[in-house]
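J.: Need coordinates for the below:
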Amino acid sequence: MNLTTQQFTAIIEREGDGYVSLCPELDIASQGNTIEEANQNLAEAIELFFEVADPSEVQRRYANLSSC
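T.: This next block holds a predicted model:
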């Protein structure tokens, strides 16, 4: 098993009674009741994306990242 570690930006903003978290590089969002929960949920959403996304979708999002 080959594991790699990558770092992405997490933008967390208060919205109503909770927090919204966004990874702009991959266009993935999540939410939580606390900052910590929003961050943890975003990390899980990113992990799930890499586990289940079609390789062409991962490549497309990386291509968008390198064009920024």
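J.: Helices of this protein, start to end?
T.: 35-52, 55-66 (DSSP state H).
J.: Can you pull out the low-pLDDT segments for this structure?
T.: Low-confidence segments of the chain (pLDDT under 70): 1-3, 66-68.
J.: With distance to residue 14 and mean neighbour count added, can I get the helices of the chain in CSV?
T.: Bear in mind the C-beta positions are built from the backbone N, C-alpha and C, glycine included. Formatted as CSV, the helices of the chain follow (distance: least, C-beta to C-beta, whole Å; neighbours: other C-beta atoms under 10 Å):
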stretch, distance to residue 14, mean neighbour count
helix 35-52, 9, 14
helix 55-66, 26, 11
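J.: of all those helices, which lies closest to residue 29?
T.: Closest to residue 29 of these is helix 35-52 (C-beta to C-beta; 7.4 Å).
J.: Please export the C-alpha coordinates of that closest one as PDB.
T.: Extracted as PDB, the C-alpha positions of helix 35-52 are listed here (Å, rounded to 0.1, in the frame of the first residue of the first chain):
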ATOM      1  CA  ILE A  35     -14.600  24.700  13.900                       C
ATOM      2  CA  GLU A  36     -12.900  21.500  14.800                       C
ATOM      3  CA  GLU A  37     -15.900  19.400  13.600                       C
ATOM      4  CA  ALA A  38     -16.100  21.300  10.300                       C
ATOM      5  CA  ASN A  39     -12.300  20.800   9.800                       C
ATOM      6  CA  GLN A  40     -12.500  17.100  10.600                       C
ATOM      7  CA  ASN A  41     -15.600  16.600   8.300                       C
ATOM      8  CA  LEU A  42     -13.800  18.400   5.500                       C
ATOM      9  CA  ALA A  43     -10.700  16.100   5.900                       C
ATOM     10  CA  GLU A  44     -13.000  13.100   5.800                       C
ATOM     11  CA  ALA A  45     -14.800  14.400   2.700                       C
ATOM     12  CA  ILE A  46     -11.400  14.900   0.900                       C
ATOM     13  CA  GLU A  47     -10.300  11.300   1.900                       C
ATOM     14  CA  LEU A  48     -13.600   9.900   0.600                       C
ATOM     15  CA  PHE A  49     -13.200  11.900  -2.700                       C
ATOM     16  CA  PHE A  50      -9.800  10.300  -3.300                       C
ATOM     17  CA  GLU A  51     -11.100   6.900  -2.400                       C
ATOM     18  CA  VAL A  52     -14.100   6.900  -4.700                       C
END
